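[1] Take a look and give me a structure for this.
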Amino acid sequence: MAVCAKCGKPLTLDIQPEDDDEDVEMEPDGQETVPDDVLLPCGDHFHWECLLESYEYSKCPQCSQSIISSSAGSSSPQSEDRIIVDLDNEGGLQRGIDIMPLLKEESYLRTYPEERKCRAFLEFCREGDHRAIADLLKSCGEEFTAEDEDGNLITEQAPGSSKAADEILRYQDPIGDMASGLHAAVANGNREVAWLLLLLASEYPEMDFPALVFQEAAALGVMREEQTGKVDIRSLKDAQGRTAEDVAKEVGIVWNGWIGNARLAMP
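    As a prediction, the model looks like this:
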């Protein structure tokens, strides 16, 4: 039976038992486990955490063989590195999936844990979850009360909340072509998110917003603050020099009516 190439232990993960778990195996000692197996192209197996701890960009951390493949076909001018694996975990067996984006994300967050909220913000923009964006922004600056070593009550910043809302709104992805949240929303056709970002992080004229945008923002508990002196999100460009409007032109019909009117780019 294969074991993890890093720690030499079985390719399972112990979990806390829950009454509704149906996909777990019960070990003889009563401990519940789920699969935790990443099979690399070279044939070595790793636990997910063990792979993250020893991950190197282009080669297996055990045998040093290259694990990179290219997605470029003969007609594609650009190639994109991929790491194609078989992944078996509590979600089931997935064959031939690319884990390069996951490895980049996890490796980056281990180095810069203070950016977790920024990373979550970008994901919500991609998914079109404007309610989650509002909740995340409202959580910025939250504090909690705790006791120090002497038993005195102290007020501390909530974990993961070191970034201010304005910073998160204008965050650009250093491992994703420097795309902003507006770029991400436009690339995925998420108009509600785009309206919310324009309201909260631009000087786009208030009279040009649909009334429903203000009603929804009020229901979510967020509203435009003074924008003078702040970076207008419409001015942000990705690593290719594209504004959100440039991305909208590439996406096509879903952004009809949004192009050429200073809605997605500065006038």
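
[2] pLDDT weak spots in the stretch 1-150 of the chain?
    16-31, 71-79, 141-150 (pLDDT under 70).

[3] Do a quick rundown of the helices in it.
    48-54, 100-111, 116-127, 130-139 (DSSP state H, counting those that start in this stretch).

[4] Mind putting those helices into CSV with distance to residue 201 and mean neighbour count?
    In this view, the C-beta of every residue, glycine as well, is placed from N, C-alpha and C. Putting the helices of the stretch 1-150 of the chain into CSV (distance: least, Cβ to Cβ, whole Å; neighbours: other Cβ atoms under 10 Å) gives the following:
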stretch, distance to residue 201, mean neighbour count
helix 48-54, 33, 17
helix 100-111, 23, 14
helix 116-127, 11, 19
helix 130-139, 10, 18
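
[5] can you tell me which of those helices comes nearest to residue 180?
    Distance to residue 180, taken as Cβ to Cβ, is lowest for helix 116-127 among the helices of the stretch 1-150 of the chain, at 8.4 Å.

[6] got the contact list for that closest one?
    105, 108-109, 130, 132-133, 136, 139-140, 160-161, 163, 167-169, 171, 173, 176, 179, 181-182, 184-185, 187-188, 190, 193, 197 (Cβ atoms under 8 Å, 6 or more residues apart in numbering).

[7] Next up, phi/psi of residue 239, please.
    The phi/psi pair for residue 239 (degrees, to the nearest 10) reads phi -70, psi -20.

[8] Could you break the protein into its assigned domains?
    For the chain, the TED database gives the domain ranges 1-16+31-70+80-111, 114-255.

[9] Now render these as JSON lines, adding distance to residue 267.
    Below are the domains of the chain laid out as JSON lines (distance: least, Cβ to Cβ, whole Å):
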{"stretch": "domain 1-16+31-70+80-111", "distance to residue 267": "35"}
{"stretch": "domain 114-255", "distance to residue 267": "9"}
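
[10] quick one, which of those is nearest to residue 265?
    When these are compared by Cβ to Cβ, domain 114-255 sits nearest residue 265, at 3.7 Å.

[11] hmm, back to that, buried ones from the contacts of helix 116-127, can you make that a ChimeraX selection?
    This is how ChimeraX selects the buried members of those, with burial counted by 16 or more other Cβ atoms under 10 Å:
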select :108,130,132,133,136,140,161,163,168,169,171,173,176,179,181,182,184,185,187,188,190,193,197
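
[12] and residue 163, that's in a helix?
    No. Counting by DSSP: H, G, I helix; E, B strand; the rest coil, residue 163 is not found in a helix; it is coil.

[13] can you pull the contacts of it?
    114-115, 117-118, 140, 171.

[14] could you measure it against residue 179, distance?
    17 Å (Cβ to Cβ, to the nearest Å).

[15] now swap in residue 63 and tell me
    Noted for residue 63: a distance of 35 Å to residue 179, by Cβ to Cβ.

[16] just residue 251 next, same as before
    To residue 179, residue 251 is 13 Å away according to Cβ to Cβ.

[17] correct me, but residue 233 touches residue 202?
    Yes. Judged on Cβ atoms under 8 Å, residue 233 makes contact with residue 202 at a distance of 5.1 Å.

[18] more neighbours, these two?
    Neighbour totals were compared for residue 233 and residue 202, and residue 233 leads with 25 against 22 (other Cβ atoms under 10 Å).
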